[in-house]
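A.B. asks: model this:
(one chain, ligands or ions: 3)
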Amino acid sequence: MPTLAVIGSQWGDEGKGKITDYLAEDADLVVRYQGGANAGHTIKVGEEVFALHLLPSGIIRENVISVVGNGLVIDCDELEVELEALRKTGRSGKGLRLSDRANVVMPYHRILDGAEERARGSKTVGTTGRGIGPCYSDKIARAGIRIGDLLDEELLRDRIATIAPVKERFAESLGAELGLDQEALVAKLLSFGKKWEQYITDTSVLVNDAIKAGKKVMFEGAQGTMLDIDYGTYPYVTSSNCTSAGICTGVGVPPSAVGEVIGVTKAYTTRVGAGPFVSELTDEVGKHLQTKGGEFGTTTGRARRCGWLDLVVVRHAVRLNGMACIALTKLDVLNDLDTIKVCVAYDVDGKRVENFPSNVRHLERAKPIYEELDGWKSWEGSTAELCKRGYEALPQGMRSYIQYIERSTGVPAGIISVGKGRDETIDRRHKKW
Ligand code: GDP
Ligand code: IMO
Ligand code: MG
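C.D. replies: Ligands and ions are numbered 1, 2, ... in the order given. Here you go, the predicted structure:
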């Protein structure tokens, strides 16, 4: 099966952009299946750094077809800004394809995102403010605008006329005002439709045909398993299925089309926004991880909360996604620590818990049960040179840490990442594609 899926094992920002870009060297298509401009995927190629939000990570390779699947919510202004930024780097973006069934993040979704957060009082989710929750809510409530509608003036006008008054009333109930100018909105959306007509298509047909033709297709997840609407730390989650199950509905492919699932797993844990985080460190070690790991959001610039690796979380992710292996990232950030802790289970009211609890109040009371491992010293010289020499060249302590994780999760660490660059990676998988 020539498909690969790259999915976050934790609360996002595991390095999915880096790993997708690394693997895309051999890909024909890179396909996003959920999320929106709440994602921030950073890719470093030589001295160039790309921060992608809506565009799939394949877009920086001109020979790759980059598909924005129907499961995404697309903010047209954001997409335009991103395409412009890409073009400034000398790339055409010609490989882009947009699903005609993807939903549009409307300007009022952003306003509602803020209004809903304010209405939550002390219980805010800490969203990215990109209108993601309100847009997915409208999709499910059958009140969404789809990308294909931007090519059909009559349909678009009709949809907006039906939806706008309801949105106005809802906003008012939250103390917000939308001030919708339906004509201006229609005109703006039609102009995007015109501009992007050559990209808009039935991407389910495109991807299925590519798979049938033996093309190499990658699915790129956004966010992470713990932000999944069903299996994350509900209600402190995003509004889509980030797990591998989301691929089928978010692209329009059957389950049999999902091949090898690679779980991108940071060697420690981070989370942006509110919600339970059992292995969080609020001490100097947490600060150290944040500074050394550069743990500041790609989308909002917010400081990421940091903590030790939580194996309860990673095991949950391995099971839910059917991960064949993990891509272990940012191991270099742990260099030079004397000892490293890993959370192996939770203590909830005196009971040892091994499976991730669904009840948010249990999670808030959960205490981490740690095991302690020895640290290791960093290497001399360039990381790229070290990686060229392969896995055995890594410090012994780092290899022991990796083996510990492999034993606890039951899956191999197929890819090891010890830096931002493409060449700061070791690929240990036996079978590639
Ligand atoms: P994503 O949302 O999962 O794509 O992750 P982000 O791009 O938001 O955050 C990951 C950050 O870590 C980015 O700045 C990457 O360049 C960086 N990164 C990825 N892998 C490594 C690694 O192995 N070591 C270090 N030091 N940085 C890494
Ligand atoms: P990538 O793809 C980390 C978090 C937000 C908030 C919650 C809900 O870069 O890993 P939303 O705006 O989606 O309604 O916010 O989800 N969140 C992310 N955290 N990485 C992301 O994406 C995220 N996308 C959303 O911080 O807690
Ligand atoms: Mg990110």
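A.B. asks: Based on its surroundings, how many neighbours for whatever residue of the stretch 151-300 of the chain ends up closest to ligand 2?
C.D. replies: Ranked by CB to the nearest ligand atom, the top residue of the stretch 151-300 of the chain for proximity to ligand 2 is Gly273, at 2.2 Å. (C-beta placed from N, C-alpha, C; glycine too.) Here the number of neighbours of Gly273 (other CB atoms under 10 Å) works out to 21.
A.B. asks: before we move on, what about Lys215?
C.D. replies: Neighbour count of Lys215, defined by other CB under 10 Å: 15.
A.B. asks: Nearest residue to it in space, please, no chain neighbours.
C.D. replies: Taking CB to CB, 6 or more residues apart in numbering as the measure, Lys215 lies nearest to Asp28, with 4.0 Å between them; neighbours along the chain are not counted.
A.B. asks: Distance check, the one you found against ligand 1.
C.D. replies: Asp28 sits 21 Å away from ligand 1 when distances are taken as CB to the nearest ligand atom, to the nearest Å.
A.B. asks: Provide a list of residues in contact with that residue.
C.D. replies: For Asp28, the contact set (CB atoms under 8 Å, 6 or more residues apart in numbering) comprises Val64, Ile65, Ala210, Lys215, Lys216, Val217.
A.B. asks: Pairing partners for the last one in the sheet, please.
C.D. replies: As for beta bridges, Val217 partners with Thr3, Leu29 under DSSP bridges.
A.B. asks: is it true that it touches Ala5?
C.D. replies: No: applying CB atoms under 8 Å, one finds Val217 not in contact with Ala5, separated by 9.5 Å.
A.B. asks: Let me see the ranges of the helices in the chain.
C.D. replies: For the chain, helices defined by DSSP state H occupy the ranges 16-23, 76-88, 107-119, 132-140, 153-173, 182-196, 203-212, 245-247, 284-292, 311-321, 360-365, 383-388, 396-409.
A.B. asks: Helix 107-119 and the second one, what's the angle between them?
C.D. replies: In terms of direction (axes from the mean of the first three to the mean of the last three CA atoms, to 10 degrees), helix 76-88 departs from helix 107-119 by 110 degrees.
A.B. asks: Over to the fourth one?
C.D. replies: The directions of helix 132-140 and helix 107-119 differ by 120 degrees, with the same axes, to 10 degrees as the criterion.
A.B. asks: packing partners for helix 132-140?
C.D. replies: For helix 132-140, the packing partners by 3 or more CB pairs under 8 Å, 6 or more residues apart in numbering; DSSP states H and E come out as strand 73-74, strand 103-104, helix 107-119.
A.B. asks: Format the helices of the chain as TSV; extra columns: distance to ligand 3.
C.D. replies: As requested, those are exported to TSV (distance: least, CB to the ion, whole Å):
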stretch	distance to ligand 3
helix 16-23	7
helix 76-88	14
helix 107-119	18
helix 132-140	14
helix 153-173	29
helix 182-196	25
helix 203-212	23
helix 245-247	17
helix 284-292	15
helix 311-321	16
helix 360-365	23
helix 383-388	21
helix 396-409	21
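A.B. asks: Check those helices for me and report the most buried one.
C.D. replies: Mean neighbour counts were taken over the helices of the chain using mean count of other CB atoms under 10 Å, and the top value, a mean of 26, falls to helix 16-23.
A.B. asks: then it to PDB, C-alphas only?
C.D. replies: Extracted in PDB, the C-alpha atoms of helix 16-23 (Å, rounded to 0.1, in the frame of the first residue of the first chain):
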ATOM      1  CA  LYS A  16       4.800  16.900  12.000                       C
ATOM      2  CA  GLY A  17       5.900  19.600   9.500                       C
ATOM      3  CA  LYS A  18       9.500  18.500   9.700                       C
ATOM      4  CA  ILE A  19       8.700  14.800   9.400                       C
ATOM      5  CA  THR A  20       6.200  15.300   6.600                       C
ATOM      6  CA  ASP A  21       8.700  17.400   4.600                       C
ATOM      7  CA  TYR A  22      11.400  14.800   5.200                       C
ATOM      8  CA  LEU A  23       9.300  11.900   4.000                       C
END
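A.B. asks: Kindly report the residues of the stretch 201-350 of the chain close to ligand 2.
C.D. replies: Proximity of the stretch 201-350 of the chain to ligand 2, by CB under 6 Å from any ligand atom, involves residues Ala222, Gln223, Gly224, Leu227, Thr238, Ser239, Val272, Gly273, Thr298.
A.B. asks: Pull the contacting residues for the fourth one.
C.D. replies: Contacts for Leu227 (CB under 8 Å, 6+ apart) come out as Gly8, Trp11, Gly12, Thr233, Val237, Thr238, Cys242.
A.B. asks: Now the fifth one: phi and psi?
C.D. replies: For Val237, the backbone dihedrals (degrees, to the nearest 10) come out as phi -140, psi 180.
A.B. asks: State the distance from it to ligand 3.
C.D. replies: Val237 sits 15 Å away from ligand 3 when distances are taken as CB to the ion, to the nearest Å.
A.B. asks: Let me see the contact set for that residue.
C.D. replies: Val125, Met226, Leu227, Asp228, Ile229, Gly275.
A.B. asks: Quick check: the first one touching Glu117?
C.D. replies: Translated: Val125. Yes: A contact is recorded between Val125 and Glu117 when judged using CB under 8 Å, the distance being 6.8 Å.
A.B. asks: any idea how far Gly12 is from the closest residue to ligand 1 within the stretch 151-300 of the chain?
C.D. replies: Across the stretch 151-300 of the chain, the shortest distance to ligand 1 (CB to the nearest ligand atom) belongs to Thr298, at 4.2 Å. For Thr298, the distance to Gly12 under the criterion CB to CB, to the nearest Å works out to 10 Å.
A.B. asks: ok, the two, which is more surrounded?
C.D. replies: For Thr298 versus Gly12, the count of surrounding residues by other CB under 10 Å is larger for Gly12: 31 against 17.
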